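Peer 1: coords please:
(chains A and B)
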2 protein chains.
Amino acid sequence: MKNKFYKYIENLQNTITSKLEEVDGLATFKEDIWVREEGGGGKTRVIENGAIFEKGGVNISSVYGELPEVLRKQFGVKEGNFFACGLSLVLHPINPFVPTVHANWRYFEMYNSQGEIVTQWFGGGQDLTPYYLFDEDAVHFHQTCKTACDKHHSDFYPKFKKTCDDYFWNSHRNEARGIGGLFFDYLKETEDFSMENRYDFVTEIGNSFLNSYVPIVEKRKGISYTSAQKDWQEIRRGRYVEFNLVHDKGTLFGLKTNGRIESILMSLPPKVQWKYDHHPEENSEEAKLIKVLKNPKSWV
Amino acid sequence: MKNKFYKYIENLQNTITSKLEEVDGLATFKEDIWVREEGGGGKTRVIENGAIFEKGGVNISSVYGELPEVLRKQFGVKEGNFFACGLSLVLHPINPFVPTVHANWRYFEMYNSQGEIVTQWFGGGQDLTPYYLFDEDAVHFHQTCKTACDKHHSDFYPKFKKTCDDYFWNSHRNEARGIGGLFFDYLKETEDFSMENRYDFVTEIGNSFLNSYVPIVEKRKGISYTSAQKDWQEIRRGRYVEFNLVHDKGTLFGLKTNGRIESILMSLPPKVQWKYDHHPEENSEEAKLIKVLKNPKSWV
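Peer 2: Reported below is the predicted structural model:
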């Protein structure tokens, strides 16, 4: 399974970066291959200063070895080896009418002292962070997620949509990071689902990513915007930073376990503003966004 | 003691904001008075878009009531009431040759069920974050700190200077946030020092603040700078954000215990950049700064 899924994300990274380069039309992804001292490594691909994408990364990594202490504590085991691989992407477009998107699909195995798998699971999801809200874009993104989920189980979309709303919650602001999508973790083998079923599900979601996002980019990339609208985007990007550095478990785990910092922090936006006590004008487009972020809604 | 120290920080806030308005010459501090539901409140004073200061805050607060759960856990007590007051300031100048400064002086009391003080202490410090390093500015800042410390005990400066270097350490980058200054906490009554002695020491440090910082502002505010130097400042400000959101105990405590978010996050810089895997050119002025941040040095 681990080789099969790694092969999958390797191909998916190629597919996604090729398509995004085509969409951008100006910048290309720069690849950095890195090695993890304790075992494994990754391929980080970053795009900057494009025609569409101000900054973004589509990274894969595959790491293994002894369980780091944080994970031993978390899983309540004294020792053990692990394998983890995944693809993570974040795209920050220039145009404030084009949303930021994040996605991640990952696989984890843990072994006993005989090297046998004791547990294995998939995790991941994808979520959208608009700066201006177009209901039809939100519906398109969620509908694409739902269609992919529904091929596997009708419970999946409502369950993983809710998990996503709960997870990407900036509790200190009492608002969501964005308008959500899917988030799932610890997808293990059960009576109803084999690991093969899990693989089919996660790869279905991964395969749906470009369809969920690219049509929105194409639709909004040409809208002209003012510097005040760009300021608003940069202020909202500040909330994105706050979530990633204060609440995001993956980011904090990476920062505290000697992960490759630049690959982890590629998720941070290129230009960000913090203004003191900023509030949008009542009934403005900006206020409309905040209203939805404070009360996540059902889109499909 | 609590009334005396609160009176002190109230006056100090006035002294500092008056002087900084005079230095800035354009912008003035905007005051927000806020109330804490569970007891107490604060006076937040923020300056934005000045001639010298791009953004800054000089805040005081005085809060009391039942110990929040986080503090009960930390102090290992089942119940209890507390009082805490302090002044916090952060200044982000426009000119990359003028350093950012942070300072905080605070006092804490904890009570038993009879309302008697069971423990009380002072804490605080001040530290400097330059974007370009002028050795003489670093020496001036540290010398001012040392002179104030030496009036109370010759051990204080070396001890609190080291605590500062250790505390403001961006461990995930393996570099200091800035060039340090002083940091001290849990200054309680001991055989050698009464609470009155502690009060005299902390207020001596507070009184030395303007002398430690303003001469540096005056000296560097007129240096002309390029947009590349401004970019460098904004990239370094990103490291400031990383420290405050990932490592700073005070910030995280505030965010996780329902503090007044806008008063806490006034510390974040106004405009920030994150570039992927950015490194200054070898032997440049930018590289010279990084070298010192990776190996904090003795300035006096």
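
Peer 1: what about A:E21, which helix or strand?
Peer 2: If you go by DSSP states H and E, A:E21 is part of helix A:2-24.

Peer 1: Name the nearest residue to the residue of the stretch 51-200 of chain A found nearest chain B, ignoring sequence neighbours.
Peer 2: Relative to chain B, the nearest point of the stretch 51-200 of chain A is A:H172 (4.1 Å; CB to the nearest CB). Bear in mind the C-beta positions are built from the backbone N, C-alpha and C, glycine included. Sequence neighbours aside, B:L255 is the residue nearest to A:H172 in space, at 4.1 Å (criterion: CB to CB, 6 or more residues apart in numbering or on different chains).

Peer 1: following the helix holding A:E21, which helix or strand comes up?
Peer 2: strand A:30-35.

Peer 1: hang on, the residue nearest to A:H172 packs against A:V246?
Peer 2: Yes: here B:L255 reaches A:V246: they are 6.1 Å apart, a contact under CB atoms under 8 Å.

Peer 1: in terms of contact, does A:P270 touch A:L91 like I think?
Peer 2: No: counting by CB under 8 Å, A:L91 is not a contact partner of A:P270; they are 11.3 Å apart.

Peer 1: ok, the two, which is more surrounded?
Peer 2: Neighbours per residue, other CB atoms under 10 Å in any protein chain shown: of A:P270 and A:L91, the larger number sits with A:L91, 27 against 19.

Peer 1: what pairs with the residue nearest to the spatial centre of chain A across the strands?
Peer 2: The centre of chain A sits closest to A:A103, judged by CA atoms, centre = their mean, with a distance of 2.6 Å. When assigned by DSSP bridges, A:A103 has beta-bridge partners A:L89, A:Q126.

Peer 1: wait, doesn't it sit right on A:N59?
Peer 2: No: in terms of CB under 8 Å, A:A103 does not count as a neighbour of A:N59; the distance is 11.1 Å.

Peer 1: Residues that sit against both of these two, list them.
Peer 2: The contact sets of A:A103 and A:N59 overlap at A:87-89 (CB atoms under 8 Å, 6 or more residues apart in numbering or on different chains).

Peer 1: can you put these in a markdown table and add distance to B:V300 and neighbour count?
Peer 2: What follows is these, written out as a markdown table (distance: CB to CB, whole Å; neighbours: other CB atoms under 10 Å in any protein chain shown):
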| residue | distance to B:V300 | neighbour count |
| --- | --- | --- |
| A:L87 | 51 | 25 |
| A:S88 | 46 | 24 |
| A:L89 | 49 | 25 |
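
Peer 1: I'd like to know which of the residues you listed is nearest to A:V98.
Peer 2: A:L89 (15.1 Å; CB to CB).

Peer 1: Could you pull up phi and psi at A:M195?
Peer 2: The phi/psi pair for A:M195 (degrees, to the nearest 10) reads phi -60, psi -30.

Peer 1: A:D277 now?
Peer 2: According to degrees, to the nearest 10, A:D277 has phi 50, psi 50.

Peer 1: burial count for it?
Peer 2: So A:D277, with other CB under 10 Å, has 14 neighbours.

Peer 1: how about it, what does it touch?
Peer 2: B:32, B:46, B:262.

Peer 1: re earlier: closest one of the shared contacts of A:A103 and A:N59 to A:D24?
Peer 2: A:L89 (13.9 Å).

Peer 1: surely that closest one meets A:W105?
Peer 2: No: judged on CB under 8 Å, A:L89 makes no contact with A:W105 at a distance of 9.5 Å.

Peer 1: which neighbours do those two share?
Peer 2: By CB under 8 Å, 6+ apart, no residue touches both A:L89 and A:W105.

Peer 1: Within range of chain B, give me the residues from the stretch 101-250 of chain A.
Peer 2: With CB under 8 Å from any CB of the partner chain as the criterion, the stretch 101-250 of chain A meets chain B at residues A:172-173, A:234, A:238, A:241-242, A:245-246.

Peer 1: Now secondary structure too, for those, in CSV please.
Peer 2: Shown next, in CSV, are those (DSSP: H, G, I helix; E, B strand; the rest coil):
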residue, secondary structure
A:H172, coil
A:R173, coil
A:E234, helix
A:G238, helix
A:V241, helix
A:E242, helix
A:L245, helix
A:V246, helix
